[in-house]
Every structure is written in structure tokens, then in C-alpha cells.
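1. sharing a sequence plus its predicted fold:
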Amino acid sequence: MHGPNPPRQARIVVKGRINEYEKRRRHTGDQQGIRKLTSGKTSEATRVGFLSATGASQPKGVPEPCDPDFEFEGWRFYTKTGLWENEATDNGDATVIAPDGAAFGLVWTSGASLKHEFDFSPSFGPMLYVEVPSSVRIWEDLRQQLLQLVPLLDSGLKSRAQP
């Protein structure tokens, strides 16, 4: 007998066995948890958030979000990036839905005269590029500048629709 304090070698062996026991217990617990998640789903893949295997993504029509950030003459504006904490911003991107329901990616930049350009060639969907004269601090600033473009935007879409 070694008394209340076993020799160092005996302590190491005991500690090693405890560690192995803990590893097996954790592994068994993990396996039981997985079985509970997948019980009754032997042929069905279990999806775990972003780790799930999925098929290749396909371009789809732009689903319209619930509420636009703002509207201008029938056009609806949905922010992707742009303003942050009332700081002046020189660019951003959004989705805009035209009055006829056509969806466009929109990229806006500041520092040039007010102008726009449609690009219908991208495989991911049509784009609208807009340049505005000044930085934007609140959405109303951008809205006022886009309002000035509405007649040109509408005529651009109408000319595209006509053969």
C-alpha cells in the first residue's frame, strides 16, 4: 500500500485512465445526441445551418422584401449597403423595383453630376448605375436626387420594352 499519497507513476496512470474514460464518455454522448437528431430520418440528410451540403445556387428573380426603405414615383428602394450612423456616405448598393415590377441591382456613387446607366447584360440580373453630385447622410438626400432621375429612368425602360 502506498498510503494517502500514491507514487507519481501511479497518479499518472490513474489520470491517463480518467482522461480516456472522459473522451469515451464525451464521444458516446455526442453519438447519442446525433442519433436523437437523426432518429427516423435514415435516408434524409440532416441540415445544420450553413454547414449543410446544398446544390449549386441558381440565379432567381429578386424576392421583394416587405417594406422598402423609401419610394420615389412608384420605384421602391431596398438597401443592401450604404448609410451608417448618420455619417456621410459616398456609395452604396440596393435593389430597386420599377413601377412595372422589374427588379434591378442598383449601385450609387457620389462626386459626379447626376446621371444613370442601365446595364441589361449581367447574367445575375439587370443593373442600374447612378452617380449623384453629393455624399448622402440620410436616405431622404438620396431619394431627392433619384426623384430628379425618374423621367429618364422611366423613358429608358420604355425604350427598352419597345422593339
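-> Alright, I've got the coordinates. Since the structure is predicted, the reported quantities are computational estimates derived from the model, not experimental observations.
2. can you list the domain ranges for the chain.
-> Domain ranges of the chain: 1-41, 70-161, per automatic domain parsing.
3. quick one, strands of this structure?
-> For the chain, the strands defined by DSSP state E cover 70-72, 75-81, 91-97, 103-110, 115-119, 127-132.
4. make TSV out of those strands and add mean pLDDT and distance to R160.
-> The way it works is simple: take the backbone N, C-alpha and C, and place the C-beta from them, glycine included. Shown next, in TSV, are the strands of the chain (pLDDT from 0 to 100; distance: least, Cβ to Cβ, whole Å):
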stretch	mean pLDDT	distance to R160
strand 70-72	91	19
strand 75-81	90	15
strand 91-97	92	15
strand 103-110	93	11
strand 115-119	93	7
strand 127-132	94	12
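5. any chance of those strands in CSV, plus distance to V150?
-> Below are the strands of the chain laid out as CSV (distance: least, Cβ to Cβ, whole Å):
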stretch, distance to V150
strand 70-72, 6
strand 75-81, 7
strand 91-97, 11
strand 103-110, 14
strand 115-119, 10
strand 127-132, 12
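6. and L146, which of these is closest to it?
-> When the strands of the chain are compared by Cβ to Cβ, strand 70-72 sits nearest L146, at 5.0 Å.
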